[in-house]
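Trainee: how would this look folded up:
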Amino acid sequence: MPSIYVIAGETSGDVLGARLMQAFKQKGNHQFFGIGGDMMAKEGLSSLFPMQDLSIMGLVEIIPSLPRIIKHVYKTVDDIVDKQPDVVITIDSPDFCKPVVKRARKKCPNTKFIHYVAPTVWAWRAGRAKTMAKLFDGLICLFPFEPPYFEEYNLKAVFCGHPAIETIPPEQYERVNDHILIFPGSRKGEIKRMVPVFASVYKKMKQMNPSLQARIVALPHLKDDISEEFFGLDVMYVDPTDRYKAMKLAPFALAKSGTTGLELAIAECPHVIAYKMTPVTWTIVKKFVKTKYAHIVNIMEDREIIPECIQDQCNAEDIMNAVLRYDNPDLSYIRQKLAGPNSQLTPSEQAAAFILDII
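Mentor: Below is the predicted model:
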């Protein structure tokens with residue numbers, strides 16, 4: 001019975017890990033060990049320690065947690081050495097996973113090490129590709145253009161499809177032109193920068209269509225911060241857990257740049273993305289980031305299919321102009337393009353097959 005050690009440090013990784021475990025179960029009996037959250041626990045994983053211990057964002061928050069994180073690195077290494085699994089699968093969370101793998105592989109000569117979700121070397125810090133090749137025996141990529149960046153260093157990298165297509169159903173609903181869907185972000189800084197801009201855009205739309213409603217996808221604890229800018233306007237809040245259905249129903253969406261843009265494309269929802277950083281962060285980003293575009297669909301196609309309003313263009317006038325000029329591109333092919341080389345299998349099943357082939 002193959003033994004599989006899975007490490008996930010964030011909620012998104014927990015979802016990927018759980019689906020991967022489901023895919024492994026379809027192929028036979030396996031022993032599972034590692035670190036995960038509630039989703040992986042439902043699939044039978046007893047986490048070495050709470051995954052939340054690793055879910056820390058930001059420099060200020062991480063500094064006081066460093067001693068605990070370092071302790072968890074060594075605890076995880078000891079556990080891997082004790083279990084001597086057939087494979088260790090690390091999912092995202094590179095700042096934790098890489099030091100674990102660096103130490104564990106020296107003491108586990110028969111164990112294969114595979115990473116799930118390639119670092120964005122195509123956007124910045126290209127040197128990470130060489131580091132990944134030294135640490136891992138295989139890499140599972142989410143986008144079709146990623147493998148060559150790592151194959152250059154003789155790392156076995158494969159595109160297995162993007163898991164978002166497993167989450168967002170292919171069914172389409174009739175879209176009603178009575179509302180606009182808004183994704184302002186999930187962090188305090190994003191809310192502070194993006195909400196005033198999106199509220200101004202909505203007010204301009206409201207002038208053109210007085211019956212238009214704004215449906216804002218937001219975590220409950222952020223509603224108070226958001227409501228100040230939308231005071232007196234027709235607003236309804238959507239829980240993030242219901243966002244995919246909302247994407248299927250919305251006639252149009254405004255979204256903070258990020259994963260949401262890709263999800264909207266898969267859901268075939270017309271949208272514009274926008275983002276504004278602090279001036280210092282923007283100066284750094286311009287210096288190091290290599291991509292011309294922010295939206296992953298635009299990056300894949302190397303042209304602007306989805307309008308982007310970034311930094312200086314992140315204002316009500318430019319966003320409104322992008323909305324009015326929107327030419328409603330066909331997004332139906334995005335799902336197929338992200339399905340992976342074997343469309344008969346889900347991305348998770350393709351990933352599991354790749355891992356089993358290596359071990």
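Trainee: who's in contact with stretch 211-221?
Mentor: With C-beta atoms under 8 Å, 6 or more residues apart in numbering as the test, stretch 211-221 has contacts from 178-184, 186, 202, 205-206, 226, 230, 233-240, 243, 246, 250. Every residue, glycine included, has its C-beta placed from N, CA and C.
Trainee: Show me which of these are buried.
Mentor: 179-184, 202, 205-206, 226, 230, 235, 237-238, 243, 246, 250 (16 or more other C-beta atoms under 10 Å).
Trainee: Which ones among those map onto helices?
Mentor: Among the buried ones among the contacts of stretch 211-221, DSSP state H puts Tyr202, Met205, Lys206, Ile226, Arg243, Ala246 in helices.
Trainee: give the contact list for the fourth one.
Mentor: Meaning Ile226. Pro184, Ile191, Val195, Ile216, Ala218 are the contacts of Ile226 under C-beta under 8 Å, 6+ apart.
Trainee: Recalculate using a threshold of 10 Å.
Mentor: Residues near Ile226 by C-beta atoms under 10 Å, 6 or more residues apart in numbering: 182, 184-185, 191, 194-195, 198-199, 216, 218-219, 235, 237.
Trainee: and the gap between it and Pro240?
Mentor: As defined by C-beta to C-beta, to the nearest Å, Ile226 lies at a distance of 13 Å from Pro240.
Trainee: Next: the third one.
Mentor: When C-beta to C-beta is the yardstick, Lys206 and Pro240 sit 24 Å from each other.
Trainee: Got the phi and psi for Asn91?
Mentor: Actually, residue 91 is Ile rather than Asn. phi -120, psi 110 (degrees, to the nearest 10).
Trainee: any idea how far Glu349 is from it?
Mentor: 16 Å.
Trainee: So those two - more neighbours on which side?
Mentor: Neighbour totals were compared for Ile91 and Glu349, and Ile91 leads with 27 against 22 (other C-beta atoms under 10 Å).
Trainee: what pairs with the more buried one across the strands?
Mentor: With DSSP bridges as the criterion, Ile91 is bridged to Ala8, Tyr116.
Trainee: Can you point out the buried residues in stretch 267-278?
Mentor: For stretch 267-278, the neighbour count (16+ other C-beta under 10 Å) marks Ala267, Glu268, Cys269, Pro270, His271, Val272, Ile273, Ala274, Tyr275, Lys276, Met277 as buried.
Trainee: Now do that stretch: distance to the chain's middle.
Mentor: Relative to its parent chain, stretch 267-278 has a centroid offset of 15 Å by C-alpha atoms, centre = their mean, to the nearest Å.
Trainee: Start and end of that stretch, how far apart?
Mentor: 31 Å (C-alpha to C-alpha, to the nearest Å).
Trainee: For the stretch 251-359 of the chain, which segments count as strands?
Mentor: Under the criterion DSSP state E, counting those that start in this stretch, the stretch 251-359 of the chain contains strands at 253-256, 271-275, 308-310.
Trainee: Could I get those in TSV, plus columns for distance to Pro163?
Mentor: Listed next are those as TSV, based on distance: least, C-beta to C-beta, whole Å:
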stretch	distance to Pro163
strand 253-256	19
strand 271-275	20
strand 308-310	24
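Trainee: Kindly report the domain assignment for the protein.
Mentor: Domain assignment for the chain, taken from automatic domain parsing, gives 3-161+340-358, 179-337.
Trainee: Report the mean per-residue pLDDT for the shortest one.
Mentor: Over the span of domain 179-337, the pLDDT mean works out to 94.
Trainee: Go through the contacts of Ile226 and name the one nearest Asp53.
Mentor: Distance ranking of these against Asp53, using C-beta to C-beta, places Leu219 first at 21.1 Å.
Trainee: Ser12: neighbour count?
Mentor: 15.
Trainee: how about the nearest residue to it, chain neighbours excluded?
Mentor: Asp92 (6.7 Å; C-beta to C-beta, 6 or more residues apart in numbering).
Trainee: Many thanks, I have nothing further to ask.
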